[in-house]
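>>> Just to be clear, the model below is a prediction. Sequence and coordinates:
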Amino acid sequence: MRSAPLGLFSHNDLERLTATTSAVSRITHAHTHAVQGAILQALAVREAFLMDPSKELDRLAFLETLIIHMQQLEKEAPPADSFLSNEAQSSSAYTMKLQKIKEFIRNTATPSVEDVQEELGCGVAALDSVPTAIYAFLIGTQPIPGLEVE
């Protein structure tokens, strides 16, 4: 929740965005993935802010920018806790999920809600919610099969 304003506030300084978001998120989040999720959210807000609203959203370019930043961030991160699942232990867990979003977008068939939840997550942990939220943003201008809208 605090990541969006940080993405806007630090939109012109990536080092500041990363450092500030990391520091602020550590007030309530101790796990590396929670901090990385907050930074990924701030980066996504930054990228959306920097886009030209008069042009169509280039979803793959948007994702590629996030992937580049997360690869660097995850490379520098301490190892995850050993009690986590293999996916959650991966030092590139967010990058893998962003790559999965890219696969979903490139595929001509829209994945089901169940497939999205299984592959990207649907839970309270950042690793199981931030990638899904980014995917929802990227496809939000199109109907989503299996999701009823009032």
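Looks like it arrived, so ask away. Quick caveat, the model's predicted, so the values are computed rather than measured. Residues are numbered from 1 along each chain as shown.

>>> any idea which helix or strand comes after the helix or strand of the chain with the lowest mean pLDDT?
Every helix and strand in the chain was compared by mean pLDDT, DSSP states H and E; the lowest is helix 86-89, with a mean of 52. As assigned by DSSP states H and E, the chain's next helix or strand after helix 86-89 is helix 93-106.

>>> Check which helices and strands that next one is in contact with.
Helices and strands in packing contact with helix 93-106 are listed as helix 32-50, helix 59-76, helix 113-120, helix 130-139; criterion 3 or more CB pairs under 8 Å, 6 or more residues apart in numbering; DSSP states H and E. (C-beta placed from N, C-alpha, C; glycine too.)

>>> Quick one: closest of those helices to Lys102.
Smallest distance to Lys102 across the helices and strands packed on helix 93-106 (CB to CB): 5.2 Å, for helix 59-76.

>>> Same question for that closest one: list its buried residues.
For helix 59-76, burial by neighbour count (16 or more other CB atoms under 10 Å) applies to Arg59, Phe62, Leu63, Thr65, Leu66, Ile67, His69, Met70, Leu73, Glu74.

>>> List the contacts of Met70.
With CB atoms under 8 Å, 6 or more residues apart in numbering as the criterion, the residues that contact Met70 are Gln36, Leu40, Leu43, Ser92, Tyr94, Thr95, Leu98.
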